[in-house]
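[1] Predicted model and sequence follow; I will ask about them next.
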Amino acid sequence: MKQSWNGPLHQLDDYRWEIPKSYLTGMRVPGLIYASSKLLEKIKEDQAPEQVANVAFLPGIVGRSLAMPDIHWGYGFAIGGVAATSLEEGVISPGGVGFDINCGVRLVRTNLTLPEVKPKIELLVNELFRAIPSGVGSKGRIKVSYNEMKEVLKKGSRWAIENGFGQEEDASFTEEEGCMKDANPDLVSEHALERGKPQLGTLGSGNHFLEIQVIDEIYDTEIAKKLGLEKDQITLMIHSGSRGLGHQVCTDYLVTMQKAVNKYGIQLPDRQLACAPIDSPEGKNYYAAMCCAANYAWANRQCIMHWTREVFAKVFQSTPQQLDLKLIYDVAHNIAKIEEFNWEGRKVKLCVHRKGATRAFSPFHLDIPKEYKEIGQPVLIPGDMGRFSYCLVGTNRAMEETFGSTCHGAGRIKSRTSAKKEVGGRDIQKELRDKGIIVKAESRGTLVEEMSEAYKDVSEVVEVMHQSGISKKVVRMRPLGVIKG
Amino acid sequence: MKNFEIIEHTADIGIIAYGKTKEEVLINSARGMFYIITEEEESFKIESSYPVELIAETLEDLLVSWLSELLYLFETKLVILSKFEIREFSDYHLKGKVYGEKINQDSQRIKREVKAVTYHYLEFKKDEVSELWKARVIFDI
């Protein structure tokens, strides 16, 4: 099925490539891909650029249909896509968010250093693996009733904190303070509640992970200091989403949107782009249900972080406070948000779809924690399990150009089946161990499908965002221990 | 005639399911989906059953709803479905019963999580040459 893309691209500078509006009849705006020449070659190996052009068909799309350098072929939207739509004439599309609503990442600091953690890494990995349920169909340690589930969907991180899973200040270091206020649980189906209820507090499978990392490179000492990060310090990264609840919310509303497309006479090149006017009952209901799934994901990551803190306290015979296990930040990378921007000389509210893209707000933006006012919003970019992850910060340029958005990760280049074929009898777990990375996964299949070679090099991706001025590199982390589903 | 074949997609996996009738394509697409999840075929017990009834706007939508419903049963009942009966059928309506084997949550038999069924590249049509019905579905993994 893999087919290379040969459409027109105009090079604007070293890192910006435009797909002209004239490429396909029906495109309302041009497309714009952020990439180096090297990454662009990989991007053109499949139909991801076509999907960037397809997104430009969405009614009410503003500016350009954007693609980050980690872009790869998805369904409907490419993964790594950003589209902002006008609240008056624009649409909202569940395909622009994806099935794993509010899949995202959080970063936790510690006051531990490499020499303290290295001898205990195996123990930590085993203890974390035991404490945090992972894998397909895994059930969480939290038992909630249907009524309680509705509270989770309304309150997000706040629900977890009120129920003893975390500290008061955690919410303020989470995007949206871990709660989308427009959530309405009455618009979430029984099927979705049923799928989500037993899975609260589970990591999931595939590319989701929990990592023990060490900071091995500092790019901006001053900003790193403000974030409480320094060389050789241990950090923890959690990557998970809204589990079956989010998958079902998207599934349910795609059915609604297929009908809406006919009802409102919307012309689209791909059914997975199905959408409805933001202001329509279909659009409003999806947004309210999506907010519920986003809140569930924040509660989920909050619970996982709580158990991670407990494990560290136990292994080091200490307390989370003494180990200074503070949340640096939590970002969503599959979400639609109503946000305000200065656009063409006036203040406008837009619906920003980030499908495999991260919010990257600039310094002094009102929606970032006051502690980070001067440095900008921390942006967390996980790489594959064998290489690096990054912490960056948002910039003014991102506000002007990308609706405050940046990349979200490495981006897949090999399909799961071809990864599997290539790997043959290789022992991925042992190979990583030889590199000093202890990995524990529910299944060998996950390790093979998630091997480094299946992904682009995250460093190349991050470099594009840094060089193009969209975000600024702060620190790089190297994995020491990894839990996978 | 093959029941189904697996197709590749960078981040995800799809299937093409075949059948002499539309019902057979629906059944074979379900088999294909559970093959992606377990990488096994026809080695599961028939020990529990679940009724399924669905309505949809088109045949293609019915296929997505059918597979989504089976995915929901798999995840909430922790059951690997391997026998599918369609008792009443039109392009817009389906009534049947599905059967499978209950598994525990840490079962090593599950190899991969299928998050959802997509509309991307969705197709359900009759091949004029072979006269076989054929459907293509991409899953979000």
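    Perfect, I can see it now. Numbers count the residues shown, from 1 in each chain, chains lettered A, B, ... in the order given.

[2] hey, let's count contacts and neighbours off CA atoms from now on
    Noted.

[3] what residues are up against A:Asn342?
    A:Val348, A:Glu400 (Cα atoms under 8 Å, 6 or more residues apart in numbering or on different chains).

[4] A:Asp220: neighbour count?
    Neighbour count of A:Asp220, defined by other Cα atoms under 10 Å in any protein chain shown: 13.

[5] ok, the residue nearest to it when sequence neighbours are not counted to B:Asn28 distance?
    Closest residue to A:Asp220 apart from its sequence neighbours, by Cα to Cα, 6 or more residues apart in numbering or on different chains: A:Val474 at 4.9 Å. Distance of A:Val474 to B:Asn28, computed by Cα to Cα, to the nearest Å: 51 Å.

[6] Neighbouring strands of the helix or strand containing the residue nearest to A:Asp220 in the sheet, and parallel or not?
    Take DSSP states H and E as the rule and A:Val474 turns out to sit in strand A:471-484. Applying DSSP bridges, strand A:471-484 is found paired with strand A:209-218 (antiparallel), strand A:389-394 (antiparallel), strand A:438-441 (parallel).

[7] would you list those in TSV and tack on mean neighbour count, distance to B:Val64 and mean pLDDT?
    Formatted as TSV, these follow (neighbours: other Cα atoms under 10 Å in any protein chain shown; distance: least, Cα to Cα, whole Å; pLDDT from 0 to 100):
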stretch	mean neighbour count	distance to B:Val64	mean pLDDT
strand A:209-218	23	29	97
strand A:389-394	25	36	98
strand A:438-441	22	31	94
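
[8] do you know which of the ones you listed lies nearest A:Lys38?
    Nearest to A:Lys38 among the strands paired with strand A:471-484 is strand A:389-394; the distance by Cα to Cα comes to 20.2 Å.

[9] returning to what we had before: got the contact list for the residue nearest to A:Asp220?
    The neighbours of A:Val474, taking Cα under 8 Å, 6+ apart as the test, are A:Ile218, A:Tyr219, A:Asp220, A:Thr221, A:Ile223, A:Ala224, A:Tyr390, A:Cys391, A:Leu392, A:Val393.

[10] Out of these, flag the one nearest to A:Ala160.
    Using Cα to Cα, A:Cys391 is the member of these that lies nearest A:Ala160, at 25.2 Å.

[11] Verify the stated contact: the closest one with A:His466.
    No. A:Cys391 lies out of contact with A:His466 (Cα atoms under 8 Å); the separation is 11.4 Å.

[12] what residues do these two have in common as contacts?
    With Cα under 8 Å, 6+ apart, A:Cys391 and A:His466 have common neighbours A:Lys473.

[13] so what's the residue positioned nearest the centre of chain B closest to, chain neighbours aside?
    Note on chain B: the residue nearest the mean C-alpha position is B:Ala30, at 1.8 Å, using Cα atoms, centre = their mean. Nearest non-adjacent residue to B:Ala30, counting by Cα to Cα, 6+ apart: B:Leu67, 6.3 Å away.

[14] immediately after the host helix or strand of that neighbour, which helix or strand?
    Per DSSP H and E, B:Leu67 falls inside helix B:59-77. Next helix or strand after helix B:59-77 toward the C-terminus (DSSP H and E): strand B:79-90.

[15] Chain A against chain B: which residues are in contact?
    Chain A has residues A:1-2, A:72-76, A:99-100, A:135-139, A:191, A:194-195, A:205-206, A:244, A:247-248, A:251, A:255, A:270-272, A:412-417, A:443, A:445-446 near chain B, with proximity defined as Cα under 8 Å from any Cα of the partner chain.
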